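Trainee: Take this sequence and fold it.
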Amino acid sequence: AAEFDIGIVLVHHTRKATSDDHLETVSGSTGLTGGVDNVIVLKRTRGTDEATLYVDGRDIERAGEYGLRWDGRFAKWTISEEGTVVGLSPERKAVFDVIKQYGPINGKDVTRLMYPGIEIDRNTREWATTRKIISKLIDSGLVINTANGFTLEVV
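Mentor: Residues are numbered from 1 along each chain as shown. Purely as a prediction, here's the structure:
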């Protein structure tokens, strides 16, 4: 390949067991992923038109994740999301988007924006759901709890 300045593409399969590290999902030994320059893993749930593409390797300046959507009209995948929000559930993505747009913002105001027209207090199911989602976003490092409220970056 180096002599003729060409790329070699090897298509392989992933294992059934899940992992937080996408390189570990490649079936076989770690020598398989260690012996190549770049690894691209496409993960799709059967029956859906959405997938996640993981890209990593020696020639990749910034490893990343990309949300993909299948376009059946043109028989191609298109990038629908990029970066840290890829793979978030619709509920987490919605809360993340509210904090991104309005942050720093307190949790009660996030809940009010998520559920307009509903009276929000500490006993409502909506408030409990939003608190749980915000907590998970904090645990994953996507949201920061500051003195001014929840935000995506330190202010």
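Trainee: make it CA atoms for all contacts and neighbour counts henceforth
Mentor: OK.
Trainee: Tell me where this protein is predicted with low confidence.
Mentor: For the chain, the stretches with pLDDT under 70 are 29-30, 154-155.
Trainee: can I have stretch 126-145 written out in PDB, keeping just the CAs?
Mentor: Provided in PDB are the C-alpha atoms of stretch 126-145 (Å, rounded to 0.1, in the frame of the first residue of the first chain):
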ATOM      1  CA  GLU A 126     -42.200  16.300  35.200                       C
ATOM      2  CA  TRP A 127     -40.000  18.000  37.700                       C
ATOM      3  CA  ALA A 128     -38.700  14.600  39.000                       C
ATOM      4  CA  THR A 129     -38.000  13.400  35.400                       C
ATOM      5  CA  THR A 130     -36.100  16.600  34.500                       C
ATOM      6  CA  ARG A 131     -34.000  16.400  37.700                       C
ATOM      7  CA  LYS A 132     -33.100  12.800  36.900                       C
ATOM      8  CA  ILE A 133     -32.100  13.700  33.300                       C
ATOM      9  CA  ILE A 134     -30.100  16.700  34.400                       C
ATOM     10  CA  SER A 135     -28.300  14.500  37.000                       C
ATOM     11  CA  LYS A 136     -27.400  12.000  34.300                       C
ATOM     12  CA  LEU A 137     -26.200  14.800  32.000                       C
ATOM     13  CA  ILE A 138     -24.000  16.100  34.800                       C
ATOM     14  CA  ASP A 139     -22.600  12.600  35.500                       C
ATOM     15  CA  SER A 140     -21.700  12.200  31.800                       C
ATOM     16  CA  GLY A 141     -19.900  15.600  31.800                       C
ATOM     17  CA  LEU A 142     -22.200  17.200  29.300                       C
ATOM     18  CA  VAL A 143     -23.700  19.700  31.800                       C
ATOM     19  CA  ILE A 144     -22.100  21.700  34.600                       C
ATOM     20  CA  ASN A 145     -23.900  22.800  37.800                       C
END
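Trainee: Identify each buried residue in that stretch, please.
Mentor: Applying a neighbour-count criterion of 16 or more other Cα atoms under 10 Å, one finds 126-127, 130-131, 133-134, 137-138, 143-145 buried in stretch 126-145.
Trainee: Over to stretch 99-109?
Mentor: Those would be 99-100, 103-109, for stretch 99-109 by 16+ other Cα under 10 Å.
Trainee: Before I go, just wanted to say thanks for your time.
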